[in-house]
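A structural model of the following input is requested.
(chains A and B)
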Amino acid sequence: MNPDHLYPFLVSTVTAATPLAYAAFGELVTERSGVLNLGVEGMMIVGAIAGFAVAYQTGNLGLGFGAGILAGIILSLIFAVLTQTLQTNQVATGLALTLFGVGLSAFVGRSYVGLTLDGLHPISVPVLSDIPFFGPLLFHFDIVVYGSLFLSFGLKWFFGRSHWGMVVRAVGESPASAHAIGYPVIGIRYMTILFGGAMSGLAGAYLSLAITPLWVEGMSAGRGWIALALVVFATWKPMRVMFGAYLFGGVTLLQFYGQGMGIHVPSEMLSMLPYLVTILVLVLISRNPKIIFLNQPMSLGQSFYPHS
Amino acid sequence: MSNLERRAQPSTKMMFASPVIAAICMLITGYLLFTLLGKEPMHAFWVFFIKPLTTAYGIGEWLLKATPLILCGLGLAIGFRASVFNIGAEGQLTIGAIAAGGVALYFHDSNSSWILPLMMLAGIVGGMAWAAIPALLRTRFNTSEILVSLMLVYVSQLLLGYLVQGPWRDPNGFNFPQTKMFTDVETMPLLVDGLRTNLAFVLALLLVIVSWFFSHKMFAGFRMQVSGLAPAAARYAGFSQKRNVWLSFLISGGMAGIAGMAEVSGPIGQLQPVISPGYGFAAIIVAYVGRLHPLGVLLASLLMSLLYLGGESAQMQLGLPSAVTGLFQGLLLFYLLAADIFINYRFKSSRISKQQAHIPTNVLPEELS
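Residues are numbered from 1 along each chain as shown, chains lettered A, B, ... in the order given. Next comes the predicted model:
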């Protein structure tokens, strides 16, 4: 590969990986408590339009990100009320959330099509970013990127070392036992679902405020679904989510850098790659039932109704 | 949940009432939304739900748009009954359209009346083949059919984009990304002159009956239903889950393929980068709102089709974005899922619980009271 292309490729890989990582972190926490939320794509796209609209109206990116997170939380709250309080089927409700989110974002976003704003800028870490080659590569990103790294370590600590992390895992493995010990299973699942919503909303806002600071209908382009696959790929482990996100981030960029790298195939074929790689990776992980059995939260996707 | 109690038996009445309740809730939300947007709500309702059906042409469009929804919805309902989640009908529809379009372009100079049936066959095979991928990966490698079938939607749309911008582009088409128009023998015959409704609608109606026969009268359909309702019982009876997955995907893929073929050889008449406004996804809602029953799917398709027409009408007459359609569709499914709670639960009736709480002493034997 031409070194002139390598540097921008690596930098963009990190930015492209960030929304995938956030959405997958959120879903990971939700799934660890035994809840499968297929609405990631919907929460992400609503986060994207909410973030863009608020940032455009106020001129404040921070408020934009806040709005994205809030939108994700509100959508996930609908999911939580339906699946936890009303005990609806998680698969159907998640799908409904995605279909609703896509429709809602297109409806709200109609008046924002074609507008742009000044997106999120990278921060140079003083001194460190002056190191030749590695400096700009490692220490010249925006704050959300650094946040994703902190989050990966934070979640590793949370699930591995903290009391409440253990409780969430217990709820995911055996809600009946967790309930018998006296933990509020439904309440904990509410929390993890809302966290998932917040992260998906943030991921969406990052798309429309940092990666491409504009609004395009359907701009999440299946990233929410890729994030769902990423959680399986990572066998429900935070650090592997981070790794997987960089892998997929790189693959999604091949369509832009492919020509420069000397890959001469139609751009549509390169655009197919993220989806095909997702399928391939899912097959590789799922073909071994032991990996799934040992890592997947036992109660994933099942409703739990505490009997008094 | 505190003022709800479980019913002894799932309520059949609620089974049928809940889609109606969901539709009414959707209308109420629509009323609020129209008011919020500063439109006269009753007028907006009229524009959205009544006006599209006031002309013969409008009725034709209504049935035309219902056709792909019926076709996809019937197939998905069969799979959903067996708890096999094919989310990628949109992709199977696209591949069906590509396969049918390929046949049409290959035989573009021929005048044979066999081309249309051949296109139909190509559409079915195309849709089935595309659906076979998630089925194979599910049965062979235990891979989530939800994620795989969904990923393949994006792949199929990119493939269509590549074909119409590259090898299949009409050389005399002023560089527009579209193929040649299909000839008369490659186009679905219209049912009534002046309306765009075509033969595919009749086919869809026939398939409603076939599909009812399959799921209610045939052993294969029964096996699939048992597997969906009671997986353990199905395993014990020796019903193969793998066969259910294959059947679900091949049937729903084939039906979606017909829908795709009918779109490009019907109202569109050529291949374009976008051939469906999300019929394959809307069909998921159709299947649920139609209670996974063929007749229900037919009714739900007519409702959803009206939402598409209403969206267009509202865009032209009221200046509302047509995306309001997607919003209504999503809301409809939410309300349905919420209303479905009353199939298995009911509000605690104070009258009954008082009677039960108060044990009349005079009926007890004397030594106990």
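
so where do the helices sit in chain A?
A:3-32, A:40-58, A:61-80, A:90-109, A:134-139, A:143-161, A:163-173, A:175-181, A:185-206, A:223-233, A:238-257, A:267-286, A:289-295 (DSSP state H).

and the angle from the longest one to helix A:223-233?
Inter-element angle recorded for helix A:3-32 and helix A:223-233: 70 degrees (by axes from the mean of the first three to the mean of the last three Cα atoms, to 10 degrees).

next up, the contacts around A:G103.
B:A323, B:V324, B:T325, B:G326, B:L327, B:F328, B:Q329, B:G330 (Cβ atoms under 8 Å, 6 or more residues apart in numbering or on different chains). Using the backbone N, CA and C atoms, a C-beta is placed for each residue, glycine as well.

so what's the second one up against?
Looking back up the chat, that one is B:V324. Each residue near B:V324 by Cβ under 8 Å, 6+ apart is listed here: A:G103, A:F107, B:L33, B:G311, B:A314.

most widely separated two among those?
Farthest-apart pair in the contacts of B:V324 is A:G103 and B:A314; separation 13.8 Å (Cβ to Cβ).

chain B contacts on the stretch 51-200 of chain A?
By the rule Cβ under 8 Å from any Cβ of the partner chain, the part of the stretch 51-200 of chain A lying against chain B is A:78, A:82, A:85-89, A:91-93, A:95-97, A:99-104, A:106-107, A:109-110.

before we move on, back to that, narrow the contacts of A:G103 to those in helices?
Going by DSSP H, the helices hold B:V324, B:T325, B:G326, B:L327, B:F328, B:Q329, B:G330 from the contacts of A:G103.

out of those, which comes closest to A:L6?
For the ones in helices among the contacts of A:G103, the nearest to A:L6 is B:G326 (41.1 Å; Cβ to Cβ).

surely that closest one and A:A106 touch.
Yes: B:G326 is within contact range of A:A106, at 5.8 Å (criterion: Cβ atoms under 8 Å).

of the two, who's got more company?
When B:G326 and A:A106 are compared for neighbours, B:G326 comes out ahead with 26 against 21, by other Cβ atoms under 10 Å in any protein chain shown.

show me what contacts that one?
B:G326 neighbours (Cβ under 8 Å, 6+ apart): A:L99, A:V102, A:G103, A:L104, A:A106, A:F107, B:G278.

A:M239 reaches A:L149, doesn't it?
No: counting by Cβ under 8 Å, A:M239 stays clear of A:L149, with 10.4 Å between them.

quick check: phi and psi on A:W236?
phi 60, psi 30 (degrees, to the nearest 10).

and it, how close does it get to A:H179?
21 Å (Cβ to Cβ, to the nearest Å).

who's more crowded, those two?
When neighbours are counted by other Cβ under 10 Å, A:W236 and A:H179 differ, and A:W236 comes out ahead with 22 against 18.

pretty sure the more buried one sits against A:E27.
No: at 9.8 Å, A:W236 and A:E27 do not qualify as touching, with contact defined as Cβ under 8 Å.

now do the same contact list for B:V164.
Applying Cβ under 8 Å, 6+ apart to B:V164 gives the contacts B:P177, B:Q178, B:T179, B:L271, B:Q272, B:P273.

burial of the nearest residue to the third one once chain neighbours are set aside, as a residue count?
Spelled out, it's B:T179. What sits nearest to B:T179 in space, not counting adjacent residues and going by Cβ to Cβ, 6 or more residues apart in numbering or on different chains, is B:L271, at 4.4 Å. For B:L271, the count of nearby residues is 26 (other Cβ under 10 Å).

contacts only, for B:L271.
So B:L271 contacts B:A97, B:I98, B:G101, B:L160, B:L163, B:V164, B:W168, B:Q178, B:T179, B:V264 (Cβ under 8 Å, 6+ apart).

any idea how far it is from chain A?
14 Å (Cβ to the nearest Cβ, to the nearest Å).

please report the distance of that residue from B:L37.
Counting by Cβ to Cβ - B:L271 and B:L37 are separated by 37 Å.

just to revisit the earlier point, quick check: the farthest pair among the contacts of B:V164?
B:T179 and B:P273 (10.7 Å).

between the two, which has more neighbouring residues?
Each of B:T179 and B:P273 has its neighbours counted (other Cβ under 10 Å); B:T179 has more, 23 against 15.

residue ranges in chain A under the pLDDT threshold?
Where chain A drops to pLDDT under 70, the residues are A:1-5, A:124, A:126-130, A:133-140, A:259-261, A:307-308.

contact residues of the stretch 151-300 of chain B facing chain A?
B:151-152, B:154-155, B:158-159, B:161-162, B:165-166, B:281-282, B:284-285, B:288.

from these, which single one is nearest B:L93?
Ranked by distance to B:L93 (Cβ to Cβ), those are led by B:F281 at 10.1 Å.

was I right to think that closest one contacts B:G88?
No: counting by Cβ under 8 Å, B:F281 sits too far from B:G88 to count as a contact (9.4 Å).

so the two - more neighbours on which side?
Higher neighbour count among B:F281 and B:G88: B:G88, with 32 against 25, using other Cβ under 10 Å.

show me where chain B has its strands.
B:4-6, B:345-347 (DSSP state E).

just give me the lowest mean pLDDT stretch among those strands.
Sorting the strands of chain B by mean pLDDT places strand B:4-6 lowest, at a mean of 74.

mind listing what's buried in that one?
B:L4 (16 or more other Cβ atoms under 10 Å in any protein chain shown).

need the residues that contact that strand.
Residues beyond strand B:4-6 that count as contacts (Cβ under 8 Å, 6+ apart) turn out to be B:I341, B:N344, B:Y345, B:R346, B:F347, B:K348.

check stretch A:52-59 too.
A:60-61, A:63-68, A:108-109, A:112, A:115, A:117, A:205, A:208-209, A:213-215.

ok, B:G266 touching B:K65?
No: in this structure, B:G266 is not within contact of B:K65 by Cβ under 8 Å, at 10.8 Å.

leaving out chain neighbours, which residue sits closest to the residue in the stretch 101-250 of chain A that chain B sits nearest to?
Per Cβ to the nearest Cβ, A:G103 is where the stretch 101-250 of chain A lies closest to chain B, at 2.5 Å. Counting by Cβ to Cβ, 6+ apart, the nearest residue to A:G103 once its immediate chain neighbours are dropped is B:G326, at 2.5 Å.

distance of that neighbour from A:M239?
B:G326 is 37 Å from A:M239, by Cβ to Cβ.

residue closest to the middle of chain B?
B:A283 (1.7 Å; Cα atoms, centre = their mean).

next, count neighbours for the nearest residue to that residue once chain neighbours are set aside.
The spatial neighbour of B:A283 that comes closest, neighbours along the chain excluded (Cβ to Cβ, 6+ apart), is B:C72 at 3.4 Å. Neighbour count of B:C72, defined by other Cβ under 10 Å: 36.

was I right about B:C72 contacting B:V286?
Yes: here B:C72 reaches B:V286: they are 7.4 Å apart, a contact under Cβ under 8 Å.

wait, what's in contact with B:E61?
B:E61 makes contacts with B:P52, B:L195, B:R196, B:T197, B:L309, as judged by Cβ under 8 Å, 6+ apart.

pLDDT-wise, which helix or strand of chain B ranks last?
helix B:350-357 (a mean of 52; mean pLDDT, DSSP states H and E).

got a list of what B:I268 touches?
By Cβ under 8 Å, 6+ apart, the contact set of B:I268 is B:I275.

before we move on, what's the pLDDT of it?
The predicted local confidence for B:I268 is 91.

quick one: it from B:P68, how far?
On the measure of Cβ to Cβ, B:I268 and B:P68 end up 11 Å apart.

which ones are touching B:S18?
Contacts of B:S18 by Cβ under 8 Å, 6+ apart are B:L336, B:A339, B:D340, B:F342, B:I343.
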